Structure formats: C-alpha cells, structure tokens
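> would you be able to build a 3D model of this:
(one chain, ligands or ions: 2)
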Amino acid sequence: MHNVTMIAGDGIGPEISEAVAKIIEAAGVKIKWEKVEAGAGVMDKYGTPLPEKVFESIRKNKVALKGPITTPVGSGFRSVNVAIRKELNLYANVRPLKVHAKNFAKDENIDMVVFRENTEGLYVGIEHYVGDEAAESIKIITRRASRKITERAFEYAVREDRKKVTAVHKANILKFSDGLFLEEARKVAEKYQKTNPEIKFDDKIVDNMCMQMVQYPEQYDVLVMPNLYGDIVSDLGAGLIGGLGLAPGMNLGDEIAVFEAVHGSAPDIAGQNKANPIALLFSSVLMLRHLGETEAADRIENAAALVLNKGEVLTEDLGGSASTDQITEAIISEL
Ligand code: NAI
Ligand code: MG
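Residues are numbered from 1 along each chain as shown. Ligands and ions are numbered 1, 2, ... in the order given. Coordinates of the predicted model:
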C-alpha cells in the first residue's frame, strides 16, 4: 500500500484525477490517496487557494499526484503551481516527450526529455513598474540551481541509457544570467565526461533549438534549460507528440516528487466530460515507476497506447468524440 497525496485541482482537474485513480485501481495497485484541496474552488472555504494542509500532506507522503490549478485573481499568489514548486524546492521539472501513437506525432522517432529548472529564472516573480511607461522583471540564475538541474539531467541520462544532453540557453544575449547557467552546465558535463564518456554534451541557443526540434527532433535526447525556456520548449514538444492531452510531467526535489500533466485547467472544457485524462495518466505512470510499481506502470502505459493506436475511442483534442468516461473505460478494458 502506497500513501500518496492527491490534489485534484480545479477546472478539468477533478474529472481527470478521478479517471486516473480509477485506472490505477483497475490495474491492481493499492494506493491510499490522501485528498487535499487547492485551487480557485477553495478560496471561499479557506481564504487561500493553497491551504497549509497541502504542504503538510505532501511533506509527509513525499509523493503527490496533482491536477491543474487556476490561480484566482486577488489571492495573493502569482501562481499557485509555482508556489508549490518553490515551497517544496522541487527544482527539476521533467517532461518526457515520448511517442505512444505515431498517428498523432509529427515524427515517430521523437524521444526527448525536457529538464526545466523549476525554482528561479524569470519565475521568481520580482516585477515592478518604472513610472508609467515601463516595467521591469528580474531574472535570477544561480550557480547552485543551474548545477542541480544539469546534474539531475545527467543522472537521468546515465540511468536511462541516453546518448546526449543538450543545454539550451540564450547566452549570446543574456551573457551574465544564461552565461552562468551554461558555464555550470559545462562544468557538470565535464565531470560526467570522465565517468560516462558515452553521453555526449552540446548546447543550443533556444530559438535555434525550437527550429531544430521541429525539423530534426530525432537528433535530440535530454534537454536541460532555465525555467521560462523549459515552459515554452516543453509545450512545443507536446505539440510534436500529439498535443497537451498526451504530455506528462513531474516536479522533483531531493526527496519529494509531485506528478502533474504539462497542461493547465482548460476552463473552456471544464465540467463537460470532454477532457483527455491521458496526460495525467502518463504522469501517474511516471509516479508508479517512482514507487517501484514497474509492472503496473507498463500495463497502464500499454493499455493507453493501444487505445490511442486503435483510434476508435478518442477525446476531441485528438480528433475524436469520446467523453472522459468513455476513454477511461476503453483504457480499463485494455488492461
Ligand atoms: P490549458 O493547458 O489549460 O489549455 C490550453 C488548451 O488546451 C485549451 O484549449 C484546452 O481546452 C486544451 N487542453 C488542455 N488540457 C487538455 C486536456 N487534458 N484534454 C483536452 N484538452 C486540453 O492552458 P491555458 O488555457 O493557458 O490555462 C488555463 C489555466 O490553467 C490558467 O489559469 C493557467 O494559469 C492554468 N495552468 C495551470 C497549470 C498547472 O496547474 N500546472 C499549467 C498551465 C496552466
Ligand atoms: Mg506551461
């Protein structure tokens, strides 16, 4: 029995979280979910979208599955999601871009993993107006965070037999901040060249990287980059493998791991039984691997891949007309 915190979130969060819990149960994995509330819907009840209980539960269980959260205006938070990552020091946002069904992918050979620095960069939230006519946002890059995220990327590359790590930056223009990131990435790479010379290292300027990802995605493997680039590049990557409905992610600290899809709360389709649960389901597959439930993880991943490849029961984002419930049932019956 695993104790896992569940934050269903808001928007499509509750629908897809319920679907995922059902599939995990059908796969025979015993999880005791500790459900905690966060998001726009709990403002009235707690006076905050992020009650302390959320942190207590995650700190205790060390593992959480999280639905998307909308940050209500006037809640005192710039972003509830960013606040969770910062408070728990979940410094690595990892987003695998794997093709499960080639009919939805731009190129069936895509197999990349984006490592996004998750605690600093332009997301530190230090912004102000300068008079009426200008505004400034501060971007913070530290050696420590740059080193930690690159080390995590290399560790992963070693463990998963990856061939190459690419550092993504704009150091040609942001010579100090991205320059420092790149310097630390190179130091980490040098260290790994000694123990794991089979893993290549290179770096790419972020705009060029975007073009390369679209034109030659098969040439890229593990990508590591500062926060904002990771946000943008991982959505681009999601587009290459079939859209936000298929793109999973995880936020990792040294001890705590929070698993969540790349997408947001999709208010345009919330509460309509239309959301694609697969991005959160694939996030839960990453979670099951983290918990050592490898066999169940494989079965769930294969069942979802079968449904995608058959193409008979698909949600609207994938060109079908099935409901969340229908695709959930279809995945369960493939289990
Ligand atoms: P979004 O990802 O919620 O939606 C973008 C588009 O993709 C929409 O058309 C939506 O319907 C569609 N979509 C997203 N997920 C889908 C799914 N599972 N199935 C089918 N269609 C799906 O991005 P948007 O609209 O920019 O943000 C909405 C809210 O979500 C905002 O308040 C934002 O701050 C929040 N957000 C939260 C995140 C999180 O909790 N980690 C991440 C990104 C955004
Ligand atoms: Mg994003």
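
> C-alpha from now on. contacts and neighbour counts both.
Will do.

> which phi and psi does whatever residue of the stretch 101-250 of the chain ends up closest to ligand 1 have?
With CA to the nearest ligand atom as the measure, G245 is the residue of the stretch 101-250 of the chain nearest to ligand 1, at 4.3 Å. The phi and psi torsions at G245 (degrees, to the nearest 10) take the values phi -70, psi -10.

> ok, it - how many residues close by?
24 (other CA atoms under 10 Å).

> residues in contact with it?
Taking CA atoms under 8 Å, 6 or more residues apart in numbering as the definition of contact, the neighbours of G245 are 263, 275-279, 317-318.

> mind doing that once more with 7 Å?
For G245, the set of contacting residues under the criterion of CA atoms under 7 Å, 6 or more residues apart in numbering consists of 276, 278-279, 317.

> which ones among those residues map onto helices?
If you go by DSSP state H, the contacts of G245 have 278-279 in helices.

> restrict the contacts of G245 to those near ligand 1?
Taking CA under 6 Å from any ligand atom, the overlap between the contacts of G245 and the neighbourhood of ligand 1 is 276, 317.

> which of the contacts of G245 sits closest to ligand 1?
Using CA to the nearest ligand atom, the shortest approach to ligand 1 within these belongs to N276, at 3.7 Å.

> I'd say that closest one and T315 touch.
Yes - using CA atoms under 7 Å, N276 and T315 qualify as a contacting pair, with a distance of 5.8 Å.

> so what sits against both of these two?
Counting by CA under 7 Å, 6+ apart, the common neighbours of N276 and T315 are T324.

> other residues contacting the helix-or-strand element of the chain with minimal mean pLDDT?
For the chain, using mean pLDDT, DSSP states H and E, the weakest element among its helices and strands is helix 43-46, scoring a mean of 88. When contacts are defined by CA under 7 Å, 6+ apart, helix 43-46 is touched by residues P49.

> compute the distance between the residue of the stretch 101-250 of the chain closest to ligand 1 and N302, please.
Distance, G245 to N302, by CA to CA, to the nearest Å: 17 Å.

> same question for A153.
Distance of A153 to N302, computed by CA to CA: 26 Å.

> the two: who's more crowded?
A direct count of neighbours by other CA under 10 Å for A153 and N302 places A153 higher, at 27 against 16.

> now do the same contact list for the more buried one.
For A153, the contacting residues are 115, 222, 224, taking CA under 7 Å, 6+ apart as the criterion.

> pipe those into JSON lines and attach neighbour count and pLDDT per row.
Shown next, in JSON lines, are those (neighbours: other CA atoms under 10 Å; pLDDT from 0 to 100):
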{"residue": "F115", "neighbour count": "32", "pLDDT": "98"}
{"residue": "V222", "neighbour count": "24", "pLDDT": "98"}
{"residue": "V224", "neighbour count": "30", "pLDDT": "98"}
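
> could the residues you listed go into CSV alongside distance to ligand 1 and secondary structure?
Supplementary listing: these in CSV, determined by distance: CA to the nearest ligand atom, whole Å; DSSP: H, G, I helix; E, B strand; the rest coil:
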residue, distance to ligand 1, secondary structure
F115, 15, strand
V222, 21, strand
V224, 19, strand
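
> nearest to K66 among the residues you listed?
Set against K66, the nearest of these by CA to CA is F115 (18.6 Å).

> that closest one against N93, yeah?
Yes - contact criterion CA under 7 Å: F115 and N93 qualify, at 5.8 Å.

> what's the strand or helix carrying A189 in contact with?
Assigned by DSSP states H and E, A189 falls within helix 177-195. Helix 177-195 is touched from outside by 141, 143, 146-147, 150-151, 167, 169-171, 201, with contacts defined as CA under 7 Å, 6+ apart.

> top of these by neighbour count?
Counting by other CA under 10 Å, T150 has the largest number of neighbours within the contacts of helix 177-195, with 30 neighbours.

> now the helix or strand where it lies: average pLDDT?
Taking DSSP H and E as the definition, T150 sits inside helix 143-159. What helix 143-159 shows for mean pLDDT is 97.

> which non-adjacent residue is nearest the residue nearest the centre of the chain?
With distances taken as CA atoms, centre = their mean, G249 lies nearest the centre of the chain, 2.5 Å away. Residue nearest to G249 in three dimensions, not counting chain neighbours: R95, with 4.4 Å by CA to CA, 6 or more residues apart in numbering.

> show me what contacts that neighbour?
The neighbourhood of R95, defined by CA under 7 Å, 6+ apart, consists of 113-115, 234, 248-250.

> the helix holding T150: what's the following helix or strand?
The C-terminal neighbour of helix 143-159 among helices and strands, as given by DSSP H and E, is strand 164-169.

> give me the angle between that next one and helix 143-159.
Following axes from the mean of the first three to the mean of the last three CA atoms, to 10 degrees, one obtains 160 degrees for the angle between strand 164-169 and helix 143-159.

> A257: which of the contacts of G245 is nearest?
Nearest to A257 among the contacts of G245, counting by CA to CA, is A279 at 16.8 Å.

> any idea how many residues pack against that closest one?
With neighbours defined by other CA under 10 Å, the count for A279 comes to 23.

> quick one: name the residues of the stretch 101-250 of the chain near ligand 1.
If contacts are counted using CA under 6 Å from any ligand atom, the residues of the stretch 101-250 of the chain sitting beside ligand 1 are 244-245.
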